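Asks: What follows is a predicted structure for the sequence shown.
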Amino acid sequence: MNRKQAIDAVRLMLQGPRTFELERLDKIDAAMRPWTAERALQSLEIRGVTSSASEGPMAPLIGLARKSQTNFLPLMLEQYSQSMKVDNYLSGNGQDTAPPWEWWQRNAFDARQTGVNRAALQYGVSYATVLPSMRPGGEDGAAAYLRGVSPRQMTAMYGERLEWDPRSGGPVDDDWPIMAMEMKGPMIRLYDETNIHFIGVKNVPTSALGWRDPMYWNAGNFEYIEGRTHGVGVCPVVRFRDRMLLDGEEQYGIIEPLLTIQERIDETTFEMMVAQYWSAFKQRYVMGWIPKDQSEALRQAASDTWFFKDPQVKVGQFDATDLKNYIDSKGSAVRDLAAIGQVPAQNLGIDGISNISEATLAGLEAGKDRKASEIETSFGESYEQMLRTCAHIVGDTESAQDFASEVKWREQTARSFAQTVDGLGKLATMLGIPDEVLWEDIPGWTREKVERAKQARDQMDMAPTVPVPPVDPADALDVPA
(Lines give C-alpha, C1' and ligand atoms only; values in the text may rest on other atoms or scores of the structure.)
Protein backbone atom coordinates (compact mmCIF):
# COMPACT_ATOMS: atom_id res chain seq x y z
CA MET A 1 0.00 0.00 0.00
CA ASN A 2 1.57 3.29 -1.12
CA ARG A 3 1.05 6.73 0.42
CA LYS A 4 -2.00 7.66 -1.60
CA GLN A 5 -3.64 4.28 -1.03
CA ALA A 6 -3.00 4.55 2.72
CA ILE A 7 -4.62 7.99 2.93
CA ASP A 8 -7.56 6.85 0.79
CA ALA A 9 -8.04 3.82 3.07
CA VAL A 10 -8.08 6.06 6.14
CA ARG A 11 -10.60 8.42 4.57
CA LEU A 12 -12.84 5.49 3.63
CA MET A 13 -12.75 4.05 7.13
CA LEU A 14 -13.41 7.41 8.79
CA GLN A 15 -16.47 8.09 6.63
CA GLY A 16 -18.08 4.68 7.08
CA PRO A 17 -17.05 1.99 9.59
CA ARG A 18 -15.35 4.32 12.06
CA THR A 19 -18.30 6.71 12.27
CA PHE A 20 -20.78 3.86 12.60
CA GLU A 21 -18.80 2.17 15.38
CA LEU A 22 -18.12 5.30 17.40
CA GLU A 23 -21.81 6.18 17.64
CA ARG A 24 -22.51 2.86 19.33
CA LEU A 25 -19.32 2.71 21.41
CA ASP A 26 -19.71 6.26 22.74
CA LYS A 27 -23.24 5.43 23.89
CA ILE A 28 -21.96 2.45 25.88
CA ASP A 29 -19.06 4.47 27.29
CA ALA A 30 -21.41 7.26 28.44
CA ALA A 31 -23.66 4.71 30.17
CA MET A 32 -20.72 3.61 32.34
CA ARG A 33 -19.73 7.10 33.51
CA PRO A 34 -21.12 9.21 36.39
CA TRP A 35 -23.78 11.73 35.39
CA THR A 36 -23.29 15.43 35.12
CA ALA A 37 -26.34 17.65 35.67
CA GLU A 38 -26.81 18.06 31.93
CA ARG A 39 -26.44 14.33 31.29
CA ALA A 40 -28.94 13.55 34.07
CA LEU A 41 -31.63 15.79 32.58
CA GLN A 42 -31.01 14.30 29.16
CA SER A 43 -31.09 10.68 30.36
CA LEU A 44 -34.27 11.15 32.40
CA GLU A 45 -35.92 13.09 29.54
CA ILE A 46 -36.80 16.07 31.74
CA ARG A 47 -38.06 18.81 29.42
CA GLY A 48 -38.06 22.55 29.96
CA VAL A 49 -35.24 22.52 32.53
CA THR A 50 -31.62 23.38 31.81
CA SER A 51 -28.57 22.49 33.88
CA SER A 52 -27.69 26.22 34.11
CA ALA A 53 -30.65 26.81 36.45
CA SER A 54 -28.50 26.24 39.54
CA GLU A 55 -30.64 28.66 41.53
CA GLY A 56 -34.40 29.07 41.67
CA PRO A 57 -37.34 26.70 42.03
CA MET A 58 -35.86 24.08 39.67
CA ALA A 59 -32.50 23.78 41.45
CA PRO A 60 -33.64 20.95 43.78
CA LEU A 61 -35.01 19.03 40.80
CA ILE A 62 -31.68 19.25 38.98
CA GLY A 63 -29.82 18.02 42.04
CA LEU A 64 -32.20 15.10 42.50
CA ALA A 65 -31.83 14.16 38.84
CA ARG A 66 -28.03 14.08 39.08
CA LYS A 67 -28.05 12.04 42.31
CA SER A 68 -30.66 9.55 41.10
CA GLN A 69 -28.17 7.60 38.97
CA THR A 70 -27.92 4.09 40.42
CA ASN A 71 -25.59 2.50 37.94
CA PHE A 72 -25.33 -1.29 38.15
CA LEU A 73 -23.56 -1.63 34.79
CA PRO A 74 -19.99 -1.23 36.15
CA LEU A 75 -20.82 -3.85 38.78
CA MET A 76 -22.07 -6.22 36.07
CA LEU A 77 -18.79 -5.73 34.22
CA GLU A 78 -16.81 -6.40 37.39
CA GLN A 79 -18.68 -9.66 38.01
CA TYR A 80 -17.23 -11.15 34.83
CA SER A 81 -13.90 -9.38 34.43
CA GLN A 82 -12.76 -10.30 37.94
CA SER A 83 -13.31 -13.99 37.25
CA MET A 84 -11.34 -14.12 33.98
CA LYS A 85 -7.58 -14.37 34.35
CA VAL A 86 -5.29 -16.34 32.04
CA ASP A 87 -2.77 -18.12 34.25
CA ASN A 88 -0.76 -20.31 31.87
CA TYR A 89 -0.22 -21.32 28.25
CA LEU A 90 0.22 -25.04 27.73
CA SER A 91 1.90 -26.61 24.73
CA GLY A 92 0.24 -29.28 22.62
CA ASN A 93 1.29 -32.07 25.00
CA GLY A 94 -0.92 -30.47 27.65
CA GLN A 95 1.69 -30.53 30.41
CA ASP A 96 4.56 -28.15 29.69
CA THR A 97 4.33 -24.38 29.56
CA ALA A 98 4.80 -23.36 25.94
CA PRO A 99 7.83 -21.18 25.06
CA PRO A 100 5.73 -18.17 23.85
CA TRP A 101 4.62 -17.66 27.47
CA GLU A 102 7.90 -15.81 27.88
CA TRP A 103 6.52 -12.91 25.82
CA TRP A 104 3.35 -12.85 27.88
CA GLN A 105 5.48 -12.34 30.97
CA ARG A 106 7.88 -9.84 29.39
CA ASN A 107 4.98 -7.67 28.24
CA ALA A 108 3.36 -7.77 31.72
CA PHE A 109 0.18 -9.30 30.34
CA ASP A 110 -0.71 -10.78 33.71
CA ALA A 111 -1.93 -7.27 34.45
CA ARG A 112 -2.58 -5.88 30.97
CA GLN A 113 -4.94 -8.71 30.03
CA THR A 114 -7.48 -6.99 32.31
CA GLY A 115 -7.82 -4.09 29.89
CA VAL A 116 -8.23 -6.41 26.89
CA ASN A 117 -10.84 -8.53 28.66
CA ARG A 118 -12.80 -5.61 30.10
CA ALA A 119 -12.96 -3.77 26.78
CA ALA A 120 -14.21 -6.87 24.98
CA LEU A 121 -16.81 -7.50 27.70
CA GLN A 122 -17.96 -3.89 27.71
CA TYR A 123 -18.06 -3.20 23.98
CA GLY A 124 -18.18 -6.70 22.50
CA VAL A 125 -14.74 -6.43 20.91
CA SER A 126 -11.19 -5.35 21.70
CA TYR A 127 -7.83 -5.71 19.98
CA ALA A 128 -4.17 -6.49 20.61
CA THR A 129 -1.27 -5.61 18.35
CA VAL A 130 1.58 -8.14 18.00
CA LEU A 131 4.76 -6.59 16.63
CA PRO A 132 8.53 -7.14 16.69
CA SER A 133 10.06 -5.31 19.62
CA MET A 134 12.88 -2.83 19.28
CA ARG A 135 14.49 -4.36 22.38
CA PRO A 136 16.66 -7.48 21.96
CA GLY A 137 15.03 -10.70 23.07
CA GLY A 138 15.45 -14.36 22.03
CA GLU A 139 18.48 -16.31 20.91
CA ASP A 140 18.73 -14.42 17.62
CA GLY A 141 17.85 -11.09 19.22
CA ALA A 142 14.19 -11.12 18.14
CA ALA A 143 11.44 -10.17 20.59
CA ALA A 144 7.69 -9.66 20.49
CA TYR A 145 5.84 -6.57 21.70
CA LEU A 146 2.19 -6.90 22.81
CA ARG A 147 -0.24 -4.05 23.38
CA GLY A 148 -3.97 -3.97 24.02
CA VAL A 149 -6.11 -1.44 22.11
CA SER A 150 -9.62 -0.23 22.85
CA PRO A 151 -12.24 -0.46 20.07
CA ARG A 152 -12.86 3.26 20.62
CA GLN A 153 -9.38 3.81 19.22
CA MET A 154 -9.20 1.05 16.60
CA THR A 155 -11.34 -0.04 13.66
CA ALA A 156 -10.46 -3.22 11.76
CA MET A 157 -11.72 -4.37 8.36
CA TYR A 158 -12.11 -8.10 7.78
CA GLY A 159 -12.70 -10.18 4.68
CA GLU A 160 -13.14 -13.88 3.98
CA ARG A 161 -10.25 -16.23 3.37
CA LEU A 162 -10.94 -18.64 0.54
CA GLU A 163 -8.00 -20.98 0.91
CA TRP A 164 -8.43 -24.35 2.61
CA ASP A 165 -7.99 -24.51 6.38
CA PRO A 166 -6.57 -27.89 7.49
CA ARG A 167 -7.95 -27.48 11.01
CA SER A 168 -11.60 -27.10 10.03
CA GLY A 169 -11.50 -28.89 6.68
CA GLY A 170 -12.88 -25.96 4.70
CA PRO A 171 -12.77 -22.19 4.12
CA VAL A 172 -13.28 -19.97 7.15
CA ASP A 173 -13.45 -16.30 8.02
CA ASP A 174 -10.03 -14.72 8.06
CA ASP A 175 -8.32 -14.63 11.45
CA TRP A 176 -6.49 -11.47 10.46
CA PRO A 177 -7.92 -8.14 9.31
CA ILE A 178 -7.26 -6.78 5.85
CA MET A 179 -6.25 -3.53 7.50
CA ALA A 180 -6.75 -1.81 10.85
CA MET A 181 -6.73 1.87 11.78
CA GLU A 182 -5.74 3.12 15.24
CA MET A 183 -6.52 6.76 15.97
CA LYS A 184 -5.52 8.92 18.95
CA GLY A 185 -6.38 12.57 18.47
CA PRO A 186 -4.70 13.84 15.29
CA MET A 187 -2.39 10.82 14.96
CA ILE A 188 -3.35 7.73 12.93
CA ARG A 189 -1.63 4.38 12.54
CA LEU A 190 -2.79 2.25 9.63
CA TYR A 191 -1.74 -1.42 9.77
CA ASP A 192 -1.67 -3.62 6.69
CA GLU A 193 0.04 -6.91 5.85
CA THR A 194 3.47 -5.35 5.33
CA ASN A 195 3.67 -1.87 6.87
CA ILE A 196 2.55 0.48 9.60
CA HIS A 197 1.63 3.83 8.06
CA PHE A 198 1.83 6.94 10.26
CA ILE A 199 -0.59 9.65 9.15
CA GLY A 200 -1.38 13.02 10.71
CA VAL A 201 -4.67 14.92 10.68
CA LYS A 202 -4.42 18.68 10.28
CA ASN A 203 -7.94 19.54 11.50
CA VAL A 204 -9.76 17.22 13.90
CA PRO A 205 -13.58 17.50 13.72
CA THR A 206 -15.22 19.89 16.15
CA SER A 207 -18.66 20.01 14.56
CA ALA A 208 -21.63 17.91 15.63
CA LEU A 209 -21.41 15.93 12.40
CA GLY A 210 -17.88 14.78 13.20
CA TRP A 211 -16.27 12.81 10.42
CA ARG A 212 -19.52 12.92 8.46
CA ASP A 213 -18.66 16.52 7.61
CA PRO A 214 -16.97 16.43 4.14
CA MET A 215 -14.59 19.25 5.03
CA TYR A 216 -12.71 16.95 7.42
CA TRP A 217 -12.22 13.86 5.28
CA ASN A 218 -10.95 15.55 2.14
CA ALA A 219 -7.49 14.40 1.08
CA GLY A 220 -5.85 17.72 1.93
CA ASN A 221 -6.63 17.28 5.64
CA PHE A 222 -4.26 14.29 5.91
CA GLU A 223 -0.47 14.26 5.85
CA TYR A 224 1.51 11.05 5.32
CA ILE A 225 4.41 11.01 7.79
CA GLU A 226 6.21 7.70 7.27
CA GLY A 227 5.79 3.96 6.77
CA ARG A 228 7.58 1.21 8.65
CA THR A 229 7.81 -2.44 7.65
CA HIS A 230 6.77 -4.76 10.47
CA GLY A 231 7.68 -8.08 8.82
CA VAL A 232 4.95 -10.15 10.53
CA GLY A 233 3.45 -11.28 7.22
CA VAL A 234 -0.12 -10.50 8.22
CA CYS A 235 -1.92 -7.44 9.55
CA PRO A 236 -0.60 -7.73 13.14
CA VAL A 237 -3.91 -7.20 14.95
CA VAL A 238 -5.72 -9.88 16.97
CA ARG A 239 -9.42 -9.44 17.66
CA PHE A 240 -11.11 -10.45 20.93
CA ARG A 241 -14.89 -11.04 20.93
CA ASP A 242 -17.12 -12.14 23.78
CA ARG A 243 -19.04 -14.42 21.40
CA MET A 244 -18.57 -15.87 17.94
CA LEU A 245 -21.49 -15.12 15.62
CA LEU A 246 -22.07 -16.51 12.16
CA ASP A 247 -24.35 -13.81 10.76
CA GLY A 248 -21.76 -11.11 10.20
CA GLU A 249 -19.76 -8.74 12.36
CA GLU A 250 -22.35 -8.12 15.09
CA GLN A 251 -20.92 -6.92 18.40
CA TYR A 252 -22.85 -6.79 21.65
CA GLY A 253 -20.82 -7.36 24.80
CA ILE A 254 -22.55 -7.77 28.15
CA ILE A 255 -23.47 -4.10 28.67
CA GLU A 256 -25.50 -3.17 25.58
CA PRO A 257 -28.41 -5.61 26.22
CA LEU A 258 -28.81 -4.13 29.73
CA LEU A 259 -29.00 -0.42 28.83
CA THR A 260 -32.81 -0.24 28.73
CA ILE A 261 -33.21 -1.98 32.10
CA GLN A 262 -30.65 0.37 33.63
CA GLU A 263 -32.71 3.30 32.36
CA ARG A 264 -35.75 1.86 34.18
CA ILE A 265 -33.77 1.69 37.43
CA ASP A 266 -32.57 5.29 37.11
CA GLU A 267 -36.05 6.59 36.27
CA THR A 268 -37.66 4.77 39.21
CA THR A 269 -34.97 6.06 41.57
CA PHE A 270 -35.51 9.62 40.37
CA GLU A 271 -39.27 9.46 40.86
CA MET A 272 -38.78 7.98 44.33
CA MET A 273 -36.35 10.74 45.29
CA VAL A 274 -38.77 13.41 44.05
CA ALA A 275 -41.57 11.89 46.14
CA GLN A 276 -39.22 11.62 49.10
CA TYR A 277 -38.12 15.25 48.79
CA TRP A 278 -41.54 16.86 48.49
CA SER A 279 -44.06 14.49 50.06
CA ALA A 280 -42.35 11.88 52.22
CA PHE A 281 -43.80 13.53 55.35
CA LYS A 282 -47.28 14.72 56.24
CA GLN A 283 -48.12 18.24 55.04
CA ARG A 284 -50.56 20.41 57.03
CA TYR A 285 -52.62 23.18 55.50
CA VAL A 286 -54.79 26.07 56.75
CA MET A 287 -57.39 27.66 54.46
CA GLY A 288 -58.93 31.02 55.28
CA TRP A 289 -56.18 32.34 57.56
CA ILE A 290 -52.89 34.15 56.97
CA PRO A 291 -50.32 34.85 59.70
CA LYS A 292 -49.90 38.52 60.63
CA ASP A 293 -46.12 38.49 60.61
CA GLN A 294 -43.12 36.21 60.34
CA SER A 295 -42.99 35.43 64.07
CA GLU A 296 -46.58 34.24 64.07
CA ALA A 297 -45.91 32.09 60.99
CA LEU A 298 -42.87 30.56 62.69
CA ARG A 299 -44.85 29.89 65.89
CA GLN A 300 -47.62 28.25 63.89
CA ALA A 301 -45.12 26.02 62.02
CA ALA A 302 -43.56 24.88 65.31
CA SER A 303 -46.86 24.16 67.09
CA ASP A 304 -48.71 20.88 66.96
CA THR A 305 -52.22 22.33 67.20
CA TRP A 306 -53.83 25.74 66.63
CA PHE A 307 -57.36 26.82 67.52
CA PHE A 308 -59.38 29.32 65.45
CA LYS A 309 -62.69 31.00 66.35
CA ASP A 310 -63.44 31.88 62.75
CA PRO A 311 -65.68 29.13 61.24
CA GLN A 312 -64.36 29.92 57.76
CA VAL A 313 -60.88 28.65 58.67
CA LYS A 314 -60.33 25.02 57.67
CA VAL A 315 -57.39 22.98 58.85
CA GLY A 316 -56.22 19.62 57.48
CA GLN A 317 -53.24 17.61 56.31
CA PHE A 318 -52.03 15.61 53.33
CA ASP A 319 -50.87 12.04 53.93
CA ALA A 320 -47.25 11.17 53.29
CA THR A 321 -46.42 9.40 50.03
CA ASP A 322 -45.81 5.68 50.47
CA LEU A 323 -42.41 4.87 48.92
CA LYS A 324 -42.92 1.09 49.09
CA ASN A 325 -44.22 0.86 45.53
CA TYR A 326 -41.14 2.66 44.23
CA ILE A 327 -38.85 0.34 46.19
CA ASP A 328 -40.66 -2.74 44.86
CA SER A 329 -40.51 -1.41 41.30
CA LYS A 330 -36.78 -0.79 41.57
CA GLY A 331 -36.21 -4.26 43.03
CA SER A 332 -38.13 -5.80 40.14
CA ALA A 333 -35.92 -3.99 37.62
CA VAL A 334 -32.75 -5.09 39.43
CA ARG A 335 -33.93 -8.71 39.36
CA ASP A 336 -34.56 -8.38 35.60
CA LEU A 337 -31.03 -7.02 35.24
CA ALA A 338 -29.63 -9.97 37.16
CA ALA A 339 -31.64 -12.52 35.17
CA ILE A 340 -30.67 -11.19 31.74
CA GLY A 341 -27.06 -10.66 32.79
CA GLN A 342 -26.94 -14.17 34.36
CA VAL A 343 -25.64 -12.78 37.63
CA PRO A 344 -26.91 -13.90 41.06
CA ALA A 345 -29.37 -11.33 42.37
CA GLN A 346 -27.66 -11.15 45.77
CA ASN A 347 -24.53 -9.84 44.02
CA LEU A 348 -26.56 -6.77 43.01
CA GLY A 349 -27.84 -6.08 46.52
CA ILE A 350 -31.16 -7.94 46.43
CA ASP A 351 -31.85 -9.21 49.95
CA GLY A 352 -33.90 -12.21 51.04
CA ILE A 353 -31.04 -14.72 50.77
CA SER A 354 -29.07 -15.51 53.92
CA ASN A 355 -27.38 -18.37 55.73
CA ILE A 356 -26.88 -20.41 52.56
CA SER A 357 -24.42 -23.24 52.19
CA GLU A 358 -21.40 -23.24 49.90
CA ALA A 359 -23.10 -25.73 47.59
CA THR A 360 -26.14 -23.46 47.32
CA LEU A 361 -23.94 -20.47 46.59
CA ALA A 362 -22.19 -22.42 43.82
CA GLY A 363 -25.60 -23.36 42.41
CA LEU A 364 -26.72 -19.72 42.37
CA GLU A 365 -23.63 -18.78 40.38
CA ALA A 366 -23.95 -21.69 37.94
CA GLY A 367 -25.50 -19.49 35.23
CA LYS A 368 -22.77 -16.87 35.58
CA ASP A 369 -20.08 -19.57 35.47
CA ARG A 370 -21.54 -21.07 32.27
CA LYS A 371 -21.63 -17.69 30.55
CA ALA A 372 -18.11 -16.89 31.73
CA SER A 373 -16.91 -20.25 30.41
CA GLU A 374 -18.36 -19.51 26.97
CA ILE A 375 -16.66 -16.11 26.93
CA GLU A 376 -13.36 -17.64 28.05
CA THR A 377 -13.53 -20.10 25.15
CA SER A 378 -13.80 -17.21 22.69
CA PHE A 379 -11.09 -15.14 24.38
CA GLY A 380 -8.85 -18.20 24.68
CA GLU A 381 -8.70 -18.70 20.92
CA SER A 382 -7.61 -15.08 20.48
CA TYR A 383 -4.94 -15.34 23.16
CA GLU A 384 -3.60 -18.52 21.55
CA GLN A 385 -3.49 -16.75 18.18
CA MET A 386 -1.63 -13.87 19.80
CA LEU A 387 0.98 -16.10 21.45
CA ARG A 388 1.51 -18.20 18.30
CA THR A 389 2.17 -14.93 16.47
CA CYS A 390 4.79 -14.08 19.10
CA ALA A 391 6.46 -17.41 18.36
CA HIS A 392 6.42 -16.65 14.64
CA ILE A 393 8.04 -13.25 15.21
CA VAL A 394 10.93 -14.68 17.22
CA GLY A 395 11.47 -17.58 14.78
CA ASP A 396 10.03 -20.40 16.93
CA THR A 397 8.41 -22.34 14.08
CA GLU A 398 7.38 -25.31 16.21
CA SER A 399 5.41 -23.18 18.68
CA ALA A 400 3.96 -21.05 15.90
CA GLN A 401 2.46 -24.19 14.34
CA ASP A 402 1.30 -25.71 17.63
CA PHE A 403 -2.45 -25.39 17.12
CA ALA A 404 -3.10 -27.87 19.94
CA SER A 405 -1.75 -25.41 22.50
CA GLU A 406 -4.22 -23.72 24.83
CA VAL A 407 -4.38 -21.08 27.52
CA LYS A 408 -5.17 -22.08 31.08
CA TRP A 409 -7.72 -19.94 32.94
CA ARG A 410 -7.43 -19.45 36.68
CA GLU A 411 -10.01 -21.29 38.78
CA GLN A 412 -12.46 -18.69 40.16
CA THR A 413 -15.63 -20.64 40.93
CA ALA A 414 -17.65 -20.24 44.12
CA ARG A 415 -16.91 -23.73 45.44
CA SER A 416 -15.15 -23.94 48.78
CA PHE A 417 -11.46 -24.76 49.02
CA ALA A 418 -12.11 -27.95 51.00
CA GLN A 419 -14.76 -29.13 48.53
CA THR A 420 -12.48 -28.59 45.54
CA VAL A 421 -9.44 -30.24 47.13
CA ASP A 422 -11.58 -33.20 48.18
CA GLY A 423 -12.75 -33.65 44.58
CA LEU A 424 -9.20 -33.42 43.27
CA GLY A 425 -8.07 -36.02 45.80
CA LYS A 426 -10.76 -38.43 44.63
CA LEU A 427 -9.66 -37.93 41.02
CA ALA A 428 -6.09 -38.82 41.97
CA THR A 429 -7.18 -41.89 43.94
CA MET A 430 -9.90 -43.29 41.69
CA LEU A 431 -8.50 -42.47 38.26
CA GLY A 432 -4.78 -42.41 39.04
CA ILE A 433 -4.26 -38.89 37.68
CA PRO A 434 -0.81 -37.57 38.69
CA ASP A 435 -0.88 -35.09 41.56
CA GLU A 436 1.13 -32.52 39.62
CA VAL A 437 -1.56 -32.27 36.93
CA LEU A 438 -4.31 -31.66 39.51
CA TRP A 439 -2.34 -28.95 41.31
CA GLU A 440 -3.24 -26.51 38.54
CA ASP A 441 -6.90 -26.69 39.58
CA ILE A 442 -6.32 -25.86 43.25
CA PRO A 443 -8.07 -22.51 43.97
CA GLY A 444 -5.61 -19.67 44.44
CA TRP A 445 -2.63 -21.54 43.02
CA THR A 446 -0.93 -19.62 40.24
CA ARG A 447 1.31 -21.19 37.61
CA GLU A 448 4.39 -20.01 39.50
CA LYS A 449 3.23 -21.67 42.71
CA VAL A 450 2.57 -24.93 40.88
CA GLU A 451 6.10 -24.81 39.44
CA ARG A 452 7.57 -24.20 42.90
CA ALA A 453 5.61 -27.15 44.28
CA LYS A 454 6.87 -29.40 41.47
CA GLN A 455 10.46 -28.33 42.10
CA ALA A 456 10.07 -28.97 45.83
CA ARG A 457 8.63 -32.43 45.10
CA ASP A 458 11.55 -33.23 42.76
CA GLN A 459 14.09 -32.11 45.35
CA MET A 460 12.46 -34.29 47.98
CA ASP A 461 12.56 -37.29 45.64
CA MET A 462 16.23 -36.70 44.81
CA ALA A 463 17.34 -36.23 48.42
CA PRO A 464 19.60 -39.11 49.57
CA THR A 465 18.18 -41.40 52.21
CA VAL A 466 20.26 -42.14 55.32
CA PRO A 467 20.43 -45.91 55.95
CA VAL A 468 19.27 -47.01 59.39
CA PRO A 469 21.68 -49.49 61.05
CA PRO A 470 20.19 -52.81 62.17
CA VAL A 471 19.33 -53.13 65.86
CA ASP A 472 20.51 -56.09 67.92
CA PRO A 473 17.47 -57.80 69.52
CA ALA A 474 19.34 -58.03 72.79
CA ASP A 475 19.97 -54.31 72.79
CA ALA A 476 16.33 -53.65 72.10
CA LEU A 477 15.26 -55.38 75.32
CA ASP A 478 15.48 -53.46 78.52
CA VAL A 479 16.95 -56.34 80.57
CA PRO A 480 18.99 -55.54 83.71
CA ALA A 481 22.56 -56.76 83.67
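Replies: Structure's in. What do you need?
Asks: nearest spatial neighbour of the spatially most central residue of the chain, skipping sequence neighbours?
Replies: Nearest to the mean C-alpha position of the chain, counting by C-alpha atoms, centre = their mean, stands Arg118 at 2.4 Å. Among residues not flanking Arg118 along the chain, Ser81 sits closest, at 4.7 Å (C-beta to C-beta, 6 or more residues apart in numbering). Quick note: C-beta positions are derived from backbone N, CA and C, even for glycine.
Asks: residues touching that neighbour, list them.
Replies: Applying C-beta atoms under 8 Å, 6 or more residues apart in numbering, we find Ser81 in contact with 114, 117-118, 121.
Asks: So for the helix or strand in which the residue nearest to the centre of the chain is found, mean pLDDT?
Replies: For Arg118, the host element (DSSP states H and E) is helix 109-123. Average pLDDT, helix 109-123: 95.
Asks: And for stretch 290-298?
Replies: Stretch 290-298 comes out at a mean pLDDT of 72.
Asks: what's the answer for stretch 339-357, then?
Replies: 77.
Asks: do the same with stretch 226-246
Replies: The model assigns stretch 226-246 a mean pLDDT of 90.
Asks: likewise stretch 79-93?
Replies: 89.
Asks: Tell me the buried residues in that stretch?
Replies: Across stretch 79-93, burial judged by 16 or more other C-beta atoms under 10 Å covers 79-81, 83-91.
Asks: pLDDT weak spots in the stretch 301-450 of the chain?
Replies: 301-309, 316-319, 352-363, 414-419, 422, 426-427, 431-432, 435-441, 443-448 (pLDDT under 70).
Asks: in it, which spans are strands?
Replies: Counting by DSSP state E, counting those that start in this stretch, one finds strands in the stretch 301-450 of the chain at the ranges 314-318, 406-409.
Asks: Give me the phi and psi angles of the residue nearest to Arg118.
Replies: Here is the backbone geometry of Ser81 (degrees, to the nearest 10): phi -70, psi -30.
Asks: distance of it from Asn117?
Replies: 6 Å (C-beta to C-beta, to the nearest Å).
Asks: which residues do those two both contact?
Replies: Between them, Ser81 and Asn117 share no contacting residue, judged by C-beta under 8 Å, 6+ apart.
Asks: which of the buried residues of stretch 79-93 lies closest to Leu209?
Replies: Ser81 (34.6 Å; C-beta to C-beta).
Asks: Quick one: low-confidence residue ranges for the stretch 1-150 of the chain.
Replies: 51-57, 94, 135-141.
Asks: What segments of it are strands?
Replies: Going by DSSP E, counting those that start in this stretch, the stretch 1-150 of the chain shows strands at 86-90, 125-132, 144-149.
Asks: quick one, which of these is packed in tightest?
Replies: Mean neighbour count (mean count of other C-beta atoms under 10 Å) peaks for strand 125-132 among these, with a mean of 23.
Asks: which residues does Cys235 contact?
Replies: Cys235 neighbours (C-beta under 8 Å, 6+ apart): 156, 176-180, 191-193.
Asks: Most neighbours among those, which one is it?
Replies: Counting neighbours by other C-beta atoms under 10 Å, Tyr191 leads the contacts of Cys235 with 26 neighbours.
Asks: Quickly note the distance from the residue nearest to the centre of the chain to Ile340.
Replies: Taken as C-beta to C-beta, the span from Arg118 to Ile340 is 20 Å.
Asks: longest single helix anywhere in this protein?
Replies: Assignment by DSSP state H gives helix 366-393 as the longest helix of the chain.
Asks: domain ranges for the chain?
Replies: 1-28+86-259+357-414, 282-319, 416-463 (automatic domain parsing).
Asks: could I get the ones you listed as TSV with distance to Val49?
Replies: Below are these laid out as TSV (distance: least, C-beta to C-beta, whole Å):
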stretch	distance to Val49
domain 1-28+86-259+357-414	22
domain 282-319	24
domain 416-463	52
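Asks: With respect to burial, which of those domains scores highest?
Replies: domain 1-28+86-259+357-414 (a mean of 17).
Asks: need the helices for the stretch 1-150 of the chain, in chain order.
Replies: 3-15, 17-31, 37-43, 59-67, 73-81, 101-106, 109-123 (DSSP state H, counting those that start in this stretch).
Asks: got it, and the stretch 201-350 of the chain?
Replies: With DSSP H, counting those that start in this stretch as the criterion, the stretch 201-350 of the chain has helices spanning 259-279, 294-302, 324-341.
Asks: For those helices, give me TSV that also has distance to Met386.
Replies: Below are the helices of the stretch 201-350 of the chain laid out as TSV (distance: least, C-beta to C-beta, whole Å):
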stretch	distance to Met386
helix 259-279	30
helix 294-302	70
helix 324-341	28
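Asks: which one of those lies closest to Trp217?
Replies: With C-beta to C-beta as the yardstick, what comes closest out of the helices of the stretch 201-350 of the chain is helix 259-279 (29.8 Å).
Asks: helices or strands up against that closest one?
Replies: helix 17-31, helix 59-67, helix 324-341 (3 or more C-beta pairs under 8 Å, 6 or more residues apart in numbering; DSSP states H and E).
Asks: quick one: that helix to helix 324-341, angle?
Replies: Using axes from the mean of the first three to the mean of the last three C-alpha atoms, to 10 degrees, one finds that helix 259-279 and helix 324-341 are set 170 degrees apart in direction.
Asks: Now do helix 259-279: everything it contacts.
Replies: Counting by C-beta under 8 Å, 6+ apart, 27-28, 31, 43-44, 60-61, 64-65, 67-73, 318, 320-321, 323, 326-327, 329-330, 333-334, 336-337, 340 sit against helix 259-279.
Asks: Just the buried subset of the residues you listed, please.
Replies: Of the contacts of helix 259-279, these count as buried by 16+ other C-beta under 10 Å: 28, 31, 43-44, 61, 64-65, 68-69, 72-73, 321, 326, 329-330, 333-334, 336-337.
Asks: quick revisit: wait, which of the helices of the stretch 1-150 of the chain is closest to Ile199?
Replies: helix 3-15 (5.8 Å).
Asks: which helices and strands sit right next to that closest one?
Replies: Against helix 3-15 (3+ C-beta pairs under 8 Å, 6+ apart) you get strand 179-184, strand 187-191, strand 195-201, strand 222-229.
Asks: Nearest to Thr420 among those would be which one?
Replies: strand 179-184 (41.5 Å).
Asks: So what touches the closest one?
Replies: Taking C-beta under 8 Å, 6+ apart as the rule, strand 179-184 contacts 1, 9-10, 13-14, 18, 127, 129, 149, 153-157, 188-192, 235, 237.
Asks: Next: stretch 18-26.
Replies: Contacts of stretch 18-26 (C-beta under 8 Å, 6+ apart): 123, 151-152, 155, 181, 183, 210-212, 251, 256.
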